[in-house]
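> fold the following.
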Amino acid sequence: MSTAPDPTSGDATLVAAPERLRYRLLTGPDDRSFCERVSAALDDGYVLHGGPTLTFDGDRVIAGQAVVLPSNPTPETRLV
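This next block holds a predicted model:
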């Protein structure tokens, strides 16, 4: 686990940064919010794993997208 400054403390106190999961399955209504969550994961160094899935729950379309961290992360995708 890496450490990072605690943004709530007002000083340089270090707190443990949570470990990122190597695999995540993002799901939710097929809307802008879902796309923003997938985009944020890509910005965090995850890459798409397979294609998206879609289903209908009787009211709305639900989307799913798997994302993974590369097995050999570059300095940009490592925890800092």
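
> what's stretch 50-59 in contact with?
Surrounding stretch 50-59, the residues in contact under the criterion CB atoms under 8 Å, 6 or more residues apart in numbering are D30, V61, I62, A63, G64, Q65, A66. Where C-beta positions appear, they are placed from N, C-alpha and C, glycine not excepted.

> ignore the last one, stretch 60-70
Counting by CB under 8 Å, 6+ apart, 20-30, 34, 38, 41-42, 45-50, 52-56, 77 sit against stretch 60-70.

> the same query, at a cut-off of 7 Å, please.
20, 22-30, 34, 38, 41, 45-50, 52-55, 77 (CB atoms under 7 Å, 6 or more residues apart in numbering).

> likewise stretch 24-31?
By CB under 7 Å, 6+ apart, the list of residues contacting stretch 24-31 from outside reads 34, 37-38, 41, 46, 54, 60-67.

> picking up where we left off before, among the contacts of stretch 60-70, which ones are in strands?
Applying DSSP state E to those, the entries found in strands are 23-29, 47-50, 52-55.

> closest to A16 out of those residues?
Ranked by distance to A16 (CB to CB), the ones in strands among the contacts of stretch 60-70 are led by R24 at 19.9 Å.

> residues near that closest one, how many?
R24 has 18 neighbours, counted by other CB atoms under 10 Å.

> again, but for L54
10.
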